[in-house]
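**Q** sequence and predicted structure are below.
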Amino acid sequence: MAKAITARNENYSEWYLDIVKQANLASNSAVRGCMVIKPNGFAIWERMQRQLDDMFKETGHVNAYFPLFIPKSFLSREADHVEGFAKECAVVTHYRLKNAEDGSGVIVDPEAKLEEELIVRPTSETIIWHTYRDWITSYRDLPLLINQWANVVRWELRTRLFLRTAEFLWQEGHTAHATAEEALEEALKMQEVYATFAEEYMAMPVLRGVKTVNERFAGAIDTYTIEALMQDGKALQAGTSHNLGQNFAKAFDVKFSNADNQEEYVWASSWGVSTRLIGGLIMTHSDDEGLVLPPKLAPVQVVIVPIPKPNETLDAKARELMEQLKARGVRVTYDDDAKQRPGFKFAENELKGIPIRLGLGKRDLENGTIEVARRDEKTKESQPLEGIVDHVVQLLADIQQNLFDRAVRFREEHTTYVDTFEEFQEVIERNIPGFVYAHWDGTTETELKIKELTKATIRCIPNDRPEEQGVDMLSGKPSQGRVVFAKAY
RNA sequence: CGGGGCAUAGCGCAGUCCGGUUAGCGUGCCUGCUUUGGGAGCAGGAGGCCCCAGGUUCGAAUCCUGGUGCCCCGACCA
């Protein structure tokens, strides 16, 4: 029996949940809003982590680890920051339990109240900048380029697996610099690292841009973002990089002596991507048959299926093939479960998103062929066994490229330029609205009004936007260029 | 946090309105036989604090009260 995956055009969010559940990526847990990331899902995260970590190291960063808990007073040191996060913080107030006197179980021991409550980190700027105060005294200590892999907690009211959970895994980079220029450069560099990762590894095209005042990180001077378009025409903020200026240095009194022995506040950046990327990966490529993974991030890239079932001859051939593929760096498995028939395995492996399936049967051995099926286009063809390793290696690269091209095409088909508010409303109300480029007068007031009227937000002001004189589609005030609107996750 | 819905076998559900043998169905799981190039068939079997806690009743999956969790819509959301 086919497992039922809701069709995308029938109910997109049901479809998304079906994929997550049936591909065994994650499930809800006993804790509200917190998910269990299952082995299939975590394997994807591990591949993302490994690649990102390499990219961070290549750009000069090192890893460190800071505490899960933040003293409450730290959070309030930076005014905008606390305002941005206060409403979604988990707070630790006690440090001990005891048995209830009526035998009903354990209760919080009222004697064990903390003098100062601890916040479970929603992000680590405050605890890290408190620490940096001790680490930085001279320009010789700069730049300080640190990343941490961690979990954070934001008490979201409405959660969705991977896309928004109360606890999530992420990395957060926190850098300190001697000049404003360097901090800005760092923020932009990391935005580009994220964009490269998204496009080259996730095969997910992204817009690079800067957030409006209204949308930027609490405590930042500017927030740079990468924005991807999902198959339902909604935008996903996939990663952000913040130029923090001297805001946190001032809040935590982090100063250094420059080469002229003058005391200055340190300049900062911070940047992060999270397990939300897995949600973006799913919503960019997957189809009604299940998960579709880009080869570079697929935990398993090739599966060999013995047809109709494993036997000594097929096993030997499969093992030989696997050795050859592994030698070329291909992640390959052999689906040698004797209890399942081929058709079942085909469906299962498609559901899991394995990019290439190799079907190997008696007929193939006789003919010197093998059946090569690609997940992305759901096509299959018989290939000579001779040279199959080269073919597979090339096909993995082709699939990676095809997924990216397909996503770019989708984005192009769902990108619209409008000049009037009527047009804007028409596009935003479509089934698949997409990105809408329109003129905006630069005020938060207009931005909020548009959001109120249409639910669309300004995703970003593109980094590379051409200057273009125009008028705001709603207020009629002058504008120097277009910004990107969309409905967003 | 507001409105609505749901919670019964690993998963998906019926039964609940109108209380009454041993709580069913599909799928999955185990055993055996037959099958096997796109989700196999037959036979046998195992598997249930019917979400939790109280209450009503001779008797509760079913009625009442209070919790908890999940889903959908909305508000909120670096």
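**A** Yes, it's here.

**Q** near RNA strand B, which residues of the stretch 201-350 of chain A?
**A** Proximity of the stretch 201-350 of chain A to RNA strand B is confined to A:215-218, A:220, A:223, A:237, A:240, A:272, A:274, A:276, A:307-309, A:339, A:341-344, A:346-348, A:350 under the rule CB under 7 Å from any atom of the strand. Glycine gets a C-beta too; all of them are placed from N, C-alpha and C.

**Q** go through the residues you listed and flag which are in helices.
**A** A:276, A:342, A:343, A:344, A:346, A:347, A:348, A:350 (DSSP state H).

**Q** between the residues you listed, which is nearest residue A:433?
**A** The closest of these to residue A:433 turns out to be residue A:276 (CB to CB; 20.4 Å).

**Q** neighbours of that closest one, how many?
**A** As a burial measure, residue A:276 scores 22 neighbours (other CB atoms under 10 Å).

**Q** so it makes contact with residue A:160?
**A** No. Between residue A:276 and residue A:160 there is no contact under CB atoms under 8 Å: 9.7 Å.

**Q** overlap in contacts of these two?
**A** Common contact partners of residue A:276 and residue A:160 (CB atoms under 8 Å, 6 or more residues apart in numbering): none.

**Q** what's the residue in the stretch 151-300 of chain A that RNA strand B sits nearest to in contact with, if anything?
**A** At 2.8 Å from RNA strand B, residue A:217 is the closest residue in the stretch 151-300 of chain A, using CB to the nearest atom of the strand. Shown in contact with residue A:217 (CB under 8 Å, 6+ apart): A:84, A:211, A:223, A:240, A:242, A:270.

**Q** looking at chain A, which helix is longest?
**A** Longest among the helix segments of chain A by residue count, using DSSP H, is helix A:388-413.

**Q** pull out the buried residues from that helix.
**A** For helix A:388-413, a neighbour-count test (16 or more other CB atoms under 10 Å) marks A:388-389, A:391-393, A:395-396, A:399-400, A:402-404, A:406-407, A:410-411 as buried.

**Q** next: stretch A:281-292.
**A** Neighbour-count burial for stretch A:281-292, counted by 16+ other CB under 10 Å, picks out A:281, A:282, A:283, A:284, A:285, A:286, A:287, A:290, A:291, A:292.

**Q** what's the angle from the helix or strand hosting residue A:317 to helix A:388-413?
**A** Per DSSP states H and E: residue A:317 is located in helix A:312-327. Orientation of helix A:312-327 against helix A:388-413 (axes from the mean of the first three to the mean of the last three CA atoms, to 10 degrees) gives an angle of 60 degrees.

**Q** ok, which pair from the buried residues of stretch A:281-292 is furthest apart?
**A** Longest span within the buried residues of stretch A:281-292, CB to CB: A:284 and A:290, 14.2 Å.

**Q** returning to what we had before: ok, of the buried residues of helix A:388-413, which one's closest to RNA strand B?
**A** Nearest to RNA strand B out of the buried residues of helix A:388-413 is residue A:388 (CB to the nearest atom of the strand; 13.0 Å).

**Q** show me what contacts the spatially most central residue of chain A?
**A** Geometric centre of chain A, nearest residue: residue A:277, 1.9 Å, by CA atoms, centre = their mean. By CB under 8 Å, 6+ apart, the contact set of residue A:277 is A:48, A:198, A:202, A:238, A:239.

**Q** how many neighbours does the nearest residue to residue A:147 once chain neighbours are set aside have?
**A** Spatial nearest neighbour of residue A:147, excluding adjacent residues (CB to CB, 6 or more residues apart in numbering): residue A:173 at 4.4 Å. When neighbours are defined as other CB under 10 Å, residue A:173 has 23 of them.

**Q** is it true that residue A:173 touches residue A:56?
**A** Yes. Checked against CB under 8 Å, the pair residue A:173 and residue A:56 is within contact range at 6.9 Å.

**Q** mind listing the shared neighbours of those two?
**A** residue A:147.

**Q** quick one, grab the pLDDT at the nearest residue to residue A:246 once chain neighbours are set aside.
**A** The shortest distance from residue A:246 to any non-neighbouring residue, by CB to CB, 6+ apart, is to residue A:265 (4.2 Å). According to the prediction, residue A:265 has pLDDT 98.

**Q** beta partners of residue A:265?
**A** Per DSSP bridges, the residues bridged to residue A:265 are residue A:255.

**Q** any idea how far it is from residue A:346?
**A** With the distance defined as CB to CB, to the nearest Å, residue A:265 ends up 61 Å from residue A:346.

**Q** same deal with residue A:429?
**A** Distance of residue A:429 to residue A:346, given as CB to CB: 40 Å.

**Q** neighbour count winner among those two?
**A** Neighbour count, other CB under 10 Å: between residue A:429 and residue A:346, residue A:346 has more, with 18 against 12.

**Q** touching, the more buried one and residue A:305? I think so.
**A** Yes. In this structure residue A:346 lies within contact range of residue A:305 using CB under 8 Å: 7.0 Å.

**Q** residue A:324: neighbouring residues, count only.
**A** Around residue A:324 there are 15 other residues, counting by other CB under 10 Å.

**Q** do residue A:6 as well
**A** Residue A:6: 16 neighbours (other CB under 10 Å).

**Q** once you drop chain neighbours, what's closest to it?
**A** Closest residue in space to residue A:6, ignoring its immediate chain neighbours: residue A:14 at 4.0 Å, by CB to CB, 6+ apart.

**Q** ok, now residue A:91?
**A** Nearest one to residue A:91, counting by CB to CB, 6+ apart, is residue A:117 at 5.1 Å.

**Q** wait, the one you found sits on residue A:70?
**A** No. Counting by CB under 8 Å, residue A:117 stays clear of residue A:70, with 9.9 Å between them.

**Q** which one's more surrounded, these two?
**A** residue A:70 (24 against 16).

**Q** beta partners of the more buried one?
**A** residue A:119.

**Q** tell me how far it lies from residue A:475.
**A** Distance of residue A:70 to residue A:475, computed by CB to CB: 41 Å.

**Q** what sits against residue A:415?
**A** Residues near residue A:415 by CB under 8 Å, 6+ apart: A:434, A:435, A:436, A:437.

**Q** and residue A:270, by the same measure?
**A** A:123, A:125, A:172, A:173, A:174, A:175, A:217, A:220, A:241, A:242, A:244.

**Q** residue A:174 too?
**A** Residue A:174 touches A:124, A:125, A:128, A:129, A:132, A:146, A:147, A:148, A:268, A:269, A:270, counting by CB under 8 Å, 6+ apart.

**Q** with residue A:256 instead?
**A** So residue A:256 contacts A:136, A:137, A:138, A:139, A:141, A:142, A:178, A:263, A:264, A:266 (CB under 8 Å, 6+ apart).

**Q** not counting sequence-adjacent ones, nearest residue to the second one?
**A** Yep, that's residue A:137 we're talking about. In space, residue A:137 comes closest to residue A:256 once its chain neighbours are excluded; the distance is 6.1 Å by CB to CB, 6+ apart.

**Q** swap in residue A:357?
**A** Residue A:357 sits nearest to residue A:373 (CB to CB, 6+ apart), 4.3 Å away.

**Q** SS state for that neighbour?
**A** Three-state call for residue A:373 (DSSP: H, G, I helix; E, B strand; the rest coil): strand.

**Q** so who does it touch?
**A** Taking CB under 8 Å, 6+ apart as the test, what residue A:373 contacts is A:346, A:356, A:357, A:358, A:359, A:379, A:380.

**Q** strands paired with the strand or helix carrying residue A:380, and their directions?
**A** Residue A:380 is part of strand A:379-384, with elements assigned from DSSP H and E. Partner strands for strand A:379-384, per DSSP bridges, with pairing direction: strand A:369-374 (antiparallel).

**Q** cheers, nothing more for now.
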